[in-house]
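>>> when you get a sec, could you give me coordinates for this:
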Amino acid sequence: LPPTTPGFTDVRVENGVTYTYVLVGADALGAETVQGTATATPLIRGWPMFQRSALHDAYDPSTNIQPPLGERWRATVKLNGVGAYPLQTAVVVSGTLWTPPTMDDTQARRATTGEVLWQAGRTVTATADTRTTAAVHHGKVYLAHPEGLTVRWADTGVVDWQLQTNSTANFGDSNPGSPIVYKGVLYAPFRTSGDWRLVAIDVDPSSTTYQMILWESTGLVDRAYGTPAAASDRVYIVDFEGRLRAYDAATGATLWQQTLGSQVETTEALSLAAMPPAVLVTGTDGNLRAFSAADGHSLWTVFTGSRL
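Below is the predicted model:
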């Protein structure tokens with residue numbers, strides 16, 4: 001760190017894990033001296049993944065809603081007659097609510113009143129609807145859509161950077177698959193020439209590979225019909241054929257896969273949760289399944305009595 005730098009932000013951390021940092025000073029001759037140590041346990045900031053956290057609590061503790069509870073305001077989320085997709089969810093961070101994007105529109109509203117703070121299109125021509133939910137991480141909003149990936153500043157809506165794709169390669173088209181941000185890397189389903197993959201993009205501004213694609217998975221024969229989940233340096237996703245796959249978060253190497261059955265699909269509403277030592281998967285067959293995060297073997301299955 002330069003002597004004038006007041007602090008250091010580490011985004012490549014696991015939520016709830018305690019880290020120790022050592023500050024070392026060096027003189028002109030290169031002699032090093034430990035100046036101090038500090039420990040910190042990160043808590044979730046923003047809304048980096050579907051339903052905010054691995055527990056899927058969909059709750060931002062910085063948002064304080066006082067009783068009595070009741071309807072405070074309502075708004076129509078629609079642009080040019082196109083409404084939000086039913087399986088999309090709103091995102092609330094520090095008093096700002098981002099409504100599900102429509103055909104080519106994203107809105108930020110004041111959570112307490114519904115006042116529109118900013119509204120912005122995708123910056124490229126909309127040719128297909130967007131069925132994904134935004135991720136919010138360290139002051140930026142990440143939105144995957146059929147024309148690419150757009151990253152906006154959360155407070156103003158101004159575009160920070162974007163990846164633009166074409167008709168044969170795209171994110172977030174008519175099959176819902178929202179991005180997540182885990183340890184400074186964005187993971188999202190991606191289609192190229194009919195082949196579905198999980199793609200990892202560096203979104204850590206301090207990294208030398210910032211905004212670069214780090215890896216693309218192989219083996220997703222059919223579309224990834226759902227949102228990834230990540231924990232303990234692994235990323236999980238379920239494809240349309242009902243296969244649960246585990247990847248190394250750093251390299252994209254396939255660690256294991258487990259067949260759930262042809263009647264199992266995951267969507268934004270039928271999701272998976274990574275909570276080592278287990279990965280939990282809900283399915284359209286009404287079963288809640290738990291698998292070992294280590295090797296994918298089945299731990300238990302519970303029938304809930306109805307389609308989930």
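>>> the nearest residue to T96 once chain neighbours are set aside: how many residues sit nearby?
Among residues not flanking T96 along the chain, A108 sits closest, at 5.5 Å (C-beta to C-beta, 6 or more residues apart in numbering). In short, each C-beta sits where N, CA and C put it, glycine included. Each residue near A108 was counted by other C-beta atoms under 10 Å, and the total is 25.
>>> just checking, A108 touches G157?
Yes. Using C-beta atoms under 8 Å, A108 is in contact with G157, at 6.2 Å.
>>> any residues in contact with both of those two?
L117, W118, Q119, V141 (C-beta atoms under 8 Å, 6 or more residues apart in numbering).
>>> among those residues, which one has the most neighbours?
V141 (26 neighbours).
>>> OK, contacts around that residue?
Neighbours of V141 in contact, by C-beta under 8 Å, 6+ apart: W98, T106, A108, A134, A135, V151, R152, W153, A154, G157.
>>> just the residues you listed: which are in strands?
Among these, the members found in strands (DSSP state E) are W98, T106, A108, A135, V151, R152, W153.
>>> buried only: go through those for me.
W98, T106, A108, A135, V151, R152 (16 or more other C-beta atoms under 10 Å).
>>> now, which of those residues sits nearest V238?
Ranked by distance to V238 (C-beta to C-beta), these are led by A135 at 18.5 Å.
>>> quick one: contacts for that closest one?
G46, W47, P48, M49, V91, V141, Y142, S178, P179, I180, V181, L186.
>>> and the residues you listed, which is the shakiest by pLDDT?
On pLDDT alone, M49 ranks lowest of these, at 78.
>>> assign that one to helix, strand or coil.
coil (DSSP: H, G, I helix; E, B strand; the rest coil).
>>> how about it: what's its closest non-neighbour residue?
Nearest to M49 is I180, by C-beta to C-beta, 6+ apart, at 3.8 Å.
>>> hang on, the earlier thing: can you add distance to Y19 and give the buried ones among the ones in strands among the contacts of V141 back as CSV?
Output for those, formatted as CSV (distance: C-beta to C-beta, whole Å):
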residue, distance to Y19
W98, 29
T106, 33
A108, 32
A135, 22
V151, 26
R152, 29
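>>> how close does G286 sit to H297?
With the distance defined as C-beta to C-beta, to the nearest Å, G286 ends up 22 Å from H297.
>>> who touches the helix or strand that contains F291?
Using DSSP states H and E, F291 sits within strand 287-292. Identification of contacts with strand 287-292 by C-beta under 8 Å, 6+ apart yields 244, 258, 260, 264, 277-283, 297-304, 308.
>>> which members of those residues are classed as buried?
Here, 16+ other C-beta under 10 Å leaves L244, Q258, L260, V264, A278, V279, L280, V281, T282, G283, L308 buried among those.
>>> show only the entries of those residues found in helices.
Per DSSP state H, helices hold no members of those.
>>> and the residues you listed, which is the shakiest by pLDDT?
Pick the lowest pLDDT in the buried ones among the contacts of strand 287-292 and you get V264, at 57.
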